[in-house]
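In: Okay, predicted coordinates and the sequence, questions at the end:
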Amino acid sequence: MQKKNSNVYRMKRNPIFNHFGLIIFFIILFYIGINVYVYISRNRLSLFEVKSGSMSSEGSITGIIIRDEHVVTSAHSGYPNFFIEEGGRASKDCAVMSVDETGSVHSKLTEVSSDKTAGKDSVEHIKNLLTNYNKTNSTDFKATYSLKNALKSEAGLMSSSSMLSDIGDVARSYGNSSTFHIYKSKESGIVSYNTDSYSDITIDDVNYELFNEAKDYKEDSTLSKELIESQTPAYKLIPSENWSIIIPISDEEYIALLENEYINITFCPDNLMATAAINVYRKADGCYAALSLGRYMIRYLDKRFIDIKLDLKGMTGLKIPKSAITTKTFFKVPLKYFKNDITKPVNYLSKDVFLENGEKTFDEITVDIYYRDEDYAYISANGKLKAGDRISADKDYYILSDSATLEGVYNANKGYAFFRRIEILSENEEFCIVKADTEYGLSEYDHIISDASKATDNAIIY
């Protein structure tokens, strides 16, 4: 049988083509791996949606109390007796206390009063002292020290007030007019036996250094003394229940409270809420608020420094996290050098360009405005401008030199990060309330970058 000739030829495959699909597969796999690595390793920019909010002051503020205090100094050394209770009212020419130089009248008055029982008011006052102490931290040495003095003072008053009806008879029998002295009030007012070095302080005298002394402050109570020295404070008379509390405030709080006439406050010692007239003012060392009240002065008569909280709920605005806040430096350019309507966020400047032959030409620069005041607009260089460049308008020119730092956040509404200035109204440890709908600022429902430390200008978000 004859063998047939075959016209079929077997083609040899090129090795390169044999592995072409595999190569393509590894290229795609490598590309995917790179993208996964970049995605995992890059900074994650989480966003925060801006919404309206308000805030009350979560932290307490220490204030200094200012009253109209008239200190009465003892002219004699001896044993004191007291006839008006702490916080009690004395009329003009009323016997407030006595000083016995020899102690003969004092000891007899004490003996007479020991036979009398405590009044209902005194017992009730002691109960209140113990109840208020139990509400505080019992491990606080200052609170324990104050309780000790208060109880000792109350015990002295319980005996001394009962002496008043017997003082005439005892003084005539055992006293000597040259050694037994009665101190009468020269005017009507509220009596306090707690004295310190701040009795004559005024609003003008208050400074930041005073508040550093609050933690070491101790009042000096005449009621707790067995003996009183000559030329030392015996008691003070306060003719009016009007009083003030001065507190230090931040620049942002100063601006936010500038137009307020009244504010709600909470007294931290007992959580009493009250409304105070407010007046804010600036001094060389900072900003302050003077809170004026016509009630509750007697309630805090034993205090010079007091912790309060401000109710800032009326200060509404946009609530943002403090981590979103950053600062950025801008050039300041006088308003007259801008070509377009200054209210537009994008504008133009004419930059002078000098050629090699000495001729001058102009380069029109597009700039973004981030803030403006009455005289200047604040712009970013963005690689187009630098310090020393000359900006022209008609026949005038301006050399770029002045700069200022603005506080703001990175807005991400357009898919990339761009700076927006903010005005802080109030703040706590985590959040700020900023003014809403400011020019070149934020609006409700804007999206901002939560952590400004991870953001840069024009960073792509999506």
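Out: Received, thanks.

In: pretty sure Gly408 is in a helix, no?
Out: No. Using DSSP: H, G, I helix; E, B strand; the rest coil, the assignment for Gly408 is strand, not a helix.

In: All further residue positions should be reported with the first residue as 870.
Out: From this message on, residue numbering opens at 870, which makes the last subject Gly1277.

In: how many other residues sit next to it?
Out: Applying other CB atoms under 10 Å, we find 24 residues neighbouring Gly1277. C-betas here are computed from N, CA, C, even on glycine.

In: Leaving out the residues flanking it, which one is nearest to it?
Out: Nearest non-adjacent residue to Gly1277, counting by CB to CB, 6 or more residues apart in numbering: Arg1290, 4.3 Å away.

In: I'd like the distance between the nearest residue to Thr1185 once chain neighbours are set aside and Cys1301.
Out: Sequence neighbours aside, Ser923 is the residue nearest to Thr1185 in space, at 4.5 Å (criterion: CB to CB, 6+ apart). Distance of Ser923 to Cys1301, computed by CB to CB, to the nearest Å: 12 Å.

In: Give me the neighbour count for the residue nearest to Gly1277.
Out: Here the count is done by other CB under 10 Å, and Arg1290 has 19 residues near it.

In: I'd guessed it sits against Gly1310; true?
Out: Yes. Contact criterion CB atoms under 8 Å: Arg1290 and Gly1310 qualify, at 5.7 Å.

In: picking up where we left off before, check the contact lists of Ser923 and Cys1301 and give me the overlap.
Out: Lys1188 (CB atoms under 8 Å, 6 or more residues apart in numbering).

In: Mind checking which of these two has more residues around it?
Out: Between Ser923 and Cys1301, Cys1301 has the larger neighbour count (other CB under 10 Å), namely 24 against 15.

In: counting contacts, what elements does the strand or helix carrying Ile934 pack onto?
Out: Assigned by DSSP states H and E, Ile934 falls within strand 930-935. Packed against strand 930-935 by the contact rule (3 or more CB pairs under 8 Å, 6 or more residues apart in numbering; DSSP states H and E) you find helix 1077-1081, strand 1112-1118, strand 1174-1179.

In: Can you show me the CA trace of the shortest one as PDB?
Out: Extracted in PDB, the C-alpha atoms of helix 1077-1081 (Å, rounded to 0.1, in the frame of the first residue of the first chain):
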ATOM      1  CA  TYR A1077      -4.000  87.000  85.900                       C
ATOM      2  CA  GLU A1078      -1.600  86.600  88.800                       C
ATOM      3  CA  LEU A1079      -4.400  86.800  91.400                       C
ATOM      4  CA  PHE A1080      -6.000  83.600  90.000                       C
ATOM      5  CA  ASN A1081      -2.800  81.700  90.600                       C
END
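
In: who touches it?
Out: So helix 1077-1081 is contacted by 931, 933, 1117, 1154-1155, 1174 (CB under 8 Å, 6+ apart).

In: Is it possible to mark the buried ones in those?
Out: 931, 933, 1117, 1174 (16 or more other CB atoms under 10 Å).

In: Please tabulate those residues in CSV and include pLDDT and distance to Lys961 as additional columns.
Out: Output for the buried ones among the contacts of helix 1077-1081, formatted as CSV (pLDDT from 0 to 100; distance: CB to CB, whole Å):
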residue, pLDDT, distance to Lys961
Thr931, 93, 36
Ile933, 96, 30
Pro1117, 94, 38
Phe1174, 94, 31
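
In: rewinding a little: so the strand holding Ile934 versus strand 1174-1179, what angle?
Out: Interaxial angle of strand 930-935 relative to strand 1174-1179 (axes from the mean of the first three to the mean of the last three CA atoms, to 10 degrees): 120 degrees.
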